[in-house]
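In: Mind folding the following:
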Amino acid sequence: MTTVKEAIDQMIRARNVDTGRVSGLSRQIIAQMNTLANGILVSFESLPGIEGSGASLNLYLQTGAKESLRAALREGTAKQPGLKMTINSAYRTVAQQHILYQVFQRDSKLIPLASKPGNSNHENGLAIDVNNYNAWKPYLTAHGWHWLGGNDPVHFSETSGRNDLNKLGIAAFQSLWNQYHPQEPMTVDGNFGAQTAAKMDSAPIGGFGGTSVLHLGDTGTEITRIQQRLANLGYVTAVNGSFDRQTQAAVIKFQTQQGLAADGAIGQMTLKALGIKL
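Out: The predicted model follows:
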C-alpha cells in the first residue's frame with residue numbers, strides 16, 4: 001500500500017498537491033478523535049445550502065461552530081433564495097497538514113506557505129474556507145464567524161469551542177499507530193515531533209489495518225456486506241452496495257446503541273461490533 005511519504009513524492013513529481021490522497025487515513029483519524037473525545041467533531045455535510053469542492057474535504061466542525069454555520073446559512077438562504085455556500089476547506093487532519101507542510105518545505109513553488117502540523121486552525125474544527133466569501137461574509141460575521149481579511153479572504157474562524165483539537169488530532173494518529181504497531185509504539189502526547197513525523201511518513205494513505213474507514217458516498221461489495229448485516233440486525237437500510245444517507249442513519253443508530261462514537265463512519269471498532277472482518 002502507498003505510504004504518505006510515497007504519495008508526497010508522487011505529488012511533487014507530478015506538480016499536483018492533492019490531500020485527498022490520504023482520505024482513508026484522514027477518516028480513520030477523525031473516527032479515532034471522536035472515540036478519544038466522544039463526538040467532538042460533527043458532520044455539517046447535510047446542512048441546507050452547503051456545496052463542497054474536492055475529494056479532500058472533511059466537512060466536520062465542532063458542535064458550536066456547526067450551529068453558528070447553520071444560523072448563517074439559514075439567514076443567507078432566506079434573504080437570497082438559491083444562494084449556495086461553496087466550501088473549499090473545513091476540518092483538516094494532521095495527515096493532510098503534514099502533506100502541505102512537507103511539500104512547502106521541499107518545494108515552496110508548489111505550496112508557498114503552510115503551518116507545521118499541530119499549528120493550523122483548520123485542525124481545530126473551527127475554520128472554513130468559503131470560495132464565494134463576499135456573498136456570505138455578512139451572514140457569517142453576524143453569527144460568530146471572524147473573517148480573516150484580505151491576506152486570506154476565503155477564511156472564516158469561529159471561537160465557541162475547544163482550541164486544542166490540533167493536539168487531539170495528533171494524539172489520535174499516535175494512538176492509531178500504537179494500536180496497529182504494538183511492537184514499535186510511540187508516546188501519545190499530542191506533539192508532532194520528529195518521531196511522529198517519521199511514523200506519519202510510513203503510514204498507509206488508505207488507513208491502518210488494511211481496511212480504510214468507510215463513509216457516506218463509498219460503494220462496493222464491502223458496503224453490501226455491511227448493509228446486509230445491518231438489515232439482519234433490524235436496522236432499516238437498502239442492500240444496494242451504496243453508502244447512502246439511509247445507510248449512514250442506520251450506522252449512527254447502531255453505533256449509538258453499541259456505545260460507540262456515533263459519527264456515521266465505519267471503522268475497525270464498528271466493524272468489530274457488527275461482527276464483520278473485511
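
In: any idea how this protein splits into domains?
Out: 4-158, 221-274 (automatic domain parsing).

In: weakest of those by average pLDDT?
Out: For the domains of the chain, the weakest mean pLDDT is recorded on domain 221-274, namely a mean of 88.

In: Now do the end-to-end distance for that one.
Out: One end of domain 221-274 to the other measures 16 Å (CA to CA, to the nearest Å).

In: repeat for stretch 197-215
Out: 26 Å.

In: List of residues touching it?
Out: 1-5, 7-8, 21-25, 27-28, 30-31, 94-95, 98, 117, 173-174, 176-177, 179-180, 186, 222-223, 226, 243, 248, 264-268, 271, 278 (CB atoms under 8 Å, 6 or more residues apart in numbering). In this view, the C-beta of every residue, glycine as well, is placed from N, C-alpha and C.

In: re the thing from before, tell me which of the domains of the chain lies nearest to Leu165.
Out: domain 4-158 (4.5 Å; CB to CB).

In: Would it be right to say that Glu51 lies in a strand?
Out: Yes: counting by DSSP: H, G, I helix; E, B strand; the rest coil, Glu51 is part of a strand.

In: right, and it touches Leu83 too?
Out: No: between Glu51 and Leu83 there is no contact under CB atoms under 8 Å: 10.4 Å.

In: Compare those two (neighbour count), which wins?
Out: In this view Glu51 and Leu83 are compared by other CB atoms under 10 Å, and Leu83 has more residues nearby, 15 against 10.

In: Tell me which stretches of the stretch 1-150 of the chain form strands.
Out: Along the stretch 1-150 of the chain, the segments classed as strands by DSSP state E, counting those that start in this stretch run 42-43, 50-52, 60-61, 85-89, 127-130, 145-147.

In: In contact with Asn58, which residues?
Out: Asn58 touches Ser26, Arg27, Ile30, Ala90, Tyr91, Arg92, Thr93, counting by CB under 8 Å, 6+ apart.

In: returning to that earlier point: any of the contacts of stretch 197-215 buried? List them.
Out: Buried subset of those (neighbour count, 16 or more other CB atoms under 10 Å): 4-5, 7-8, 21-25, 27-28, 30-31, 94-95, 98, 117, 173-174, 176-177, 186, 222-223, 226, 243, 248, 264-268, 271.

In: Which members of the residues you listed occur in helices, if any?
Out: Cross-referencing the buried ones among the contacts of stretch 197-215 against helices under DSSP state H gives 4-5, 7-8, 23-25, 27-28, 30-31, 94-95, 98, 173-174, 176-177, 222-223, 226, 248, 268, 271.
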